[in-house]
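[1] pasting the sequence and the predicted coordinates here, then a few questions.
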Amino acid sequence: MVIGVLQVQLTIDWAQSLKDKRRVVSSIKDRLHREHQVSVAEVGMPDCHRTAILGVAVASNNAARCQSVLDHVVNKIRHHRQCVLSDHVTEILTAGDGK
């Protein structure tokens with residue numbers, strides 16, 4: 001089993017309230033889950049209206065597949081109109097005989 005984990009930090013400069021931020025975060029979460037079959041959650045800075053930290057996870061039997069999916073997710077976020085990708089960290093975890 002292979003699990004790919006991605007943490008992204010987003011900046012939403014135009015957001016004036018937590019409601020604005022949540023609208024963007026919810027849109028991103030729904031889109032990534034629908035298009036890439038990943039799990040997405042807001043994992044940090046819930047009370048800051050201009051910064052969001054999201055955790056993304058994908059499971060597979062192949063490390064290359066996990067990396068590919070997470071690369072596509074980063075690319076999708078990088079080109080999102082309503083936020084800026086400030087930082088991201090990817091980690092691939094392998095258990096058992098995953099390759």
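    Nice, thanks for sending it over. Numbers count the residues shown, from 1 in each chain.
[2] any weak-confidence spans in the protein?
    97-99 (pLDDT under 70).
[3] now with 80?
    Judged by pLDDT under 80, the chain has its weakly predicted residues at 96-99.
[4] can you pull the buried residues of stretch 9-22?
    Within stretch 9-22, the residues that qualify as buried are Q9, L10, I12, A15, K21, counting by 16 or more other C-beta atoms under 10 Å. Every C-beta, even on glycine, is put in place using the N, C-alpha and C of the backbone.
[5] likewise for stretch 74-83?
    For stretch 74-83, a neighbour-count test (16+ other C-beta under 10 Å) marks V74, I77, H80, Q82, C83 as buried.
[6] turn those into JSON lines, columns for distance to I3 and secondary structure.
    Converted to JSON lines, the buried residues of stretch 74-83 look like this (distance: C-beta to C-beta, whole Å; DSSP: H, G, I helix; E, B strand; the rest coil):
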{"residue": "V74", "distance to I3": "17", "secondary structure": "helix"}
{"residue": "I77", "distance to I3": "19", "secondary structure": "helix"}
{"residue": "H80", "distance to I3": "24", "secondary structure": "coil"}
{"residue": "Q82", "distance to I3": "29", "secondary structure": "coil"}
{"residue": "C83", "distance to I3": "25", "secondary structure": "coil"}
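[7] quick check: the two most widely separated of these?
    Checked with C-beta to C-beta, these reach their widest spread between V74 and Q82, with 16.3 Å between them.
[8] quick revisit: mind listing which of the buried residues of stretch 9-22 are in strands?
    Those of the buried residues of stretch 9-22 mapping onto strands are Q9, L10, per DSSP state E.
[9] longest helix of this structure?
    Among all segments of the chain classified by DSSP state H, the helix with the greatest residue count is helix 18-36.
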